[in-house]
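> sequence-free structure coming up:
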């Protein structure tokens, strides 16, 4: 089964605040992913990395096999994003 999202050891800090620390997961084709957690848990930061809006400080992320940092334009052609507001 193909992985449509692959995240390996991503991390992102904002100054002294570690927003995402060593997060890894994969989503297979046909699966639905929900990110749950309290405020400040890093959910939005992780989504912003996957949607090419932020670069991680460490790790890698791929959407449909495309590196989100190496080829953000191609990732953006394949995804849609709607915020909660």
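Received, thanks. None of the values given here were measured: they were computed from a predicted structure.

> name the nearest residue to the residue nearest to the spatial centre of the chain, sequence neighbours excluded.
By Cα atoms, centre = their mean, the chain has its centre lying nearest to residue 50, at 2.9 Å. Distances taken as Cβ to Cβ, 6 or more residues apart in numbering place residue 61 nearest to residue 50, at 5.7 Å, with adjacent residues excluded. To be clear about C-beta, it is placed using only N, CA and C from the backbone, and glycine gets the same treatment.

> tally of neighbours for the one you found?
By other Cβ atoms under 10 Å, the residues close to residue 61 number 25.

> ok, it - contacts?
Residue 61 is in contact with 5-8, 10, 49-50, 67-69, counting by Cβ atoms under 8 Å, 6 or more residues apart in numbering.

> so what's it bridging to?
With DSSP bridges as the criterion, residue 61 is bridged to residue 7.

> same question, residue 17
In this structure, residue 17 bridges to residue 14 when assessed by DSSP bridges.

> separation between it and residue 62?
Computed as Cβ to Cβ, to the nearest Å, the residue 17 to residue 62 distance reads 26 Å.
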